[in-house]
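Student: Sequence and predicted structure are below.
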Amino acid sequence: SVGGELSPFSGNNSFGISERVMTDDFDLGLDVLTDVLLNPTFPDDKLTRERETQLAEIKSEQDEMIRAGLQVLREALYTHHPYRLNPLGKPDSVTKLARTDLADFYRRFVVPNNMVISVFGDVKGTEVLKKIEAKFGAMKPVKLEFPHTGPEQLTANVRKELNKQKQQAVLLIGFDGTDMFSKDRFALELLDNAYSGQGSRVFIRLRDELALCYYVGAYQLIGLDPGYFAFYIGTTPQKVEQCEKEIFAELDKLKKDGLSPEELDRAKASVIGQRKVQMQDNAALAMMVGLDELYGLGYDFFLTMDDKYRSVTSDDIKAVADRYFGNKPSAVAVVRPKG
């Protein structure tokens with residue numbers, strides 16, 4: 001009745017809970033958050049409901065060409081690293097999950113030495129700190145044992161195909177990427193932006209000039225371990241091979257010429273502008289700062305990012321393009337109609 005919101009989240013590198021309340025309801029919100037974090041019960045009936053929801057989402061995902069293709073691409077890029085796995089899980093693994101599995105995961109990872117609490121809003125930091133210490137100060141550290149993964153890189157070109165009862169086709173081309181600690185991430189994020197949207201050079205070339213596709217863009221995963229950089233194209237089955245040739249031709253051009261000054265300036269303005277809009281929201285700021293601190297980048301890392309984007313030069317773009325796309329193995333995933 002107070003208009004608050006409590007939401008769980010999970011990603012490739014972390015999980016947690018986000019809460020939003022009015023300033024006058026801060027104490028109530030903290031009470032609820034504390035209860036959720038310290039006294040979970042994982043009731044069987046709720047687990048059954050969530051399992052059914054997740055199984056339905058997995059089924060829905062397989063009906064979407066891009067999402068199904070992205071899973072094929074992940075499995076082409078990685079053979080043992082967890083980034084190959086579908087974050088939703090597989091039907092058999094989700095079906096087998098029991099209350100004891102959730103309780104065991106909670107016991108191992110919801111511990112103070114694996115936790116960051118970030119608060120943004122119309123509050124006084126010293127008062128908030130005292131209240132949080134009173135709620136969570138009695139938590140005892142637990143020895144953390146994360147599964148060892150280590151980075152994984154492609155050693156040769158990989159190609160995978162999937163057939164669906166669809167009329168269209170989807171092509172995805174992926175390369176080894178970088179992690180969140182590398183300075184290369186800033187040039188790659190600008191390339192991601194420059195190759196996405198209806199004004200991008202690949203959209204103009206493949207759709208407007210050659211009429212090869214319905215949509216085209218770029219996507220990347222940056223994590224604690226090196227992720228990947230990928231292009232995705234929605235097209236017809238007859239034009240998959242030509243789209244693939246055009247993407248590789250574009251990458252050859254990028255390694256040689258980089259982005260034009262106008263393209264680079266536009267990408268910088270877009271990325272920095274999107275960040276400024278995002279940072280108007282307290283919830284987004286709390287999430288950003290909390291994750292940066294958790295990952296070891298530091299709570300104030302976000303204050304330095306705009307300058308890092310601005311400092312990327314055309315030579316940096318060409319160097320990064322050569323480092324990640326120049327004669328490097330690639331993974332190609334194609335989703336085609338059956339028959």
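Tutor: Perfect, thanks for sending it.

Student: so who does the residue nearest to S7 when sequence neighbours are not counted touch?
Tutor: Nearest non-adjacent residue to S7, counting by Cβ to Cβ, 6 or more residues apart in numbering: S18, 5.0 Å away. To be clear about C-beta, it is placed using only N, CA and C from the backbone, and glycine gets the same treatment. S18 makes contact with 5-9, 283, 286-287 under the criterion Cβ atoms under 8 Å, 6 or more residues apart in numbering.

Student: S18 is in what secondary structure piece?
Tutor: Secondary structure assignment for S18, by DSSP states H and E: strand 15-20.

Student: Beyond that strand, next helix or strand please.
Tutor: Using DSSP H and E, the first helix or strand after strand 15-20 is helix 26-38.

Student: could you check the angle strand 15-20 makes with the helix or strand that F105 is a member of?
Tutor: Take DSSP H and E as the rule and F105 turns out to sit in helix 99-109. Orientation check (axes from the mean of the first three to the mean of the last three Cα atoms, to 10 degrees): helix 99-109 against strand 15-20 gives 80 degrees.

Student: Next secondary structure after helix 99-109?
Tutor: That would be, after helix 99-109 and using DSSP H and E, helix 125-136.

Student: Okay, buried residues for that following helix please.
Tutor: 131, 135-136 (16 or more other Cβ atoms under 10 Å).

Student: Wait, E263 touches A194, no?
Tutor: Yes: the criterion here is Cβ atoms under 8 Å, and E263 meets it with A194 at 5.3 Å.

Student: Show me whatever sits in contact with both of those two.
Tutor: R201.

Student: burial count for K245?
Tutor: Counted with other Cβ atoms under 10 Å, residues neighbouring K245 total 11.

Student: helix or strand for it, which one?
Tutor: In the assignment (DSSP H and E), K245 maps to helix 240-257.

Student: ok, residues contacting that helix?
Tutor: For helix 240-257, the external contacting residues (Cβ under 8 Å, 6+ apart) are 169, 171, 173, 191, 201-202, 205-206, 210, 212-213, 216, 231, 233, 235, 317-318, 321-322, 325-326, 332, 334, 336.

Student: Which of these are buried, as a ChimeraX select command?
Tutor: Here the buried members of the contacts of helix 240-257 are turned into a ChimeraX selection, burial being counted by 16+ other Cβ under 10 Å:
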select :169,171,173,191,202,205,206,212,213,216,231,233,235,317,318,321,322,325,326,332,334,336
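
Student: Keep only those of the contacts of helix 240-257 that are in helices.
Tutor: Residues of the contacts of helix 240-257 located in helices (DSSP state H): 191, 201-202, 317-318, 321-322, 325.

Student: ok, so of the residues you listed, who is nearest L37?
Tutor: Nearest to L37 out of the ones in helices among the contacts of helix 240-257 is L191 (Cβ to Cβ; 38.9 Å).

Student: for the stretch 201-339 of the chain, which spans come out with low pLDDT?
Tutor: 339 (pLDDT under 70).

Student: Pull out the buried residues from the strand holding S18.
Tutor: 16, 18-19.

Student: ditto for stretch 302-315
Tutor: Buried positions in stretch 302-315, judged by neighbour count with 16+ other Cβ under 10 Å: 302, 305, 309, 312.

Student: Okay, and which of the residues you listed map to strands?
Tutor: The members of the buried residues of stretch 302-315 all map outside strands under DSSP state E.

Student: And the pLDDT at Q62?
Tutor: On pLDDT, Q62 comes in at 87.

Student: State the phi and psi torsions of it.
Tutor: phi -70, psi -20 (degrees, to the nearest 10).

Student: what about it, neighbour count?
Tutor: Neighbourhood size, Q62 [other Cβ under 10 Å]: 15.

Student: check contacts around it.
Tutor: Residues counted as contacts of Q62 (Cβ under 8 Å, 6+ apart) are A68.

Student: Now for L190, how many residues are close by?
Tutor: 23.

Student: Let me know the helix or strand that the closest residue to it other than its chain neighbours is in.
Tutor: Nearest residue to L190, sequence neighbours excluded (Cβ to Cβ, 6+ apart): A267, at 4.3 Å. Using DSSP H and E, A267 falls within helix 261-278.

Student: Need the residues that contact that helix.
Tutor: With Cβ under 8 Å, 6+ apart as the test, helix 261-278 has contacts from 189-191, 193-194, 199, 201, 258-259, 284, 288, 302, 305-306, 309-310, 312, 314, 317.
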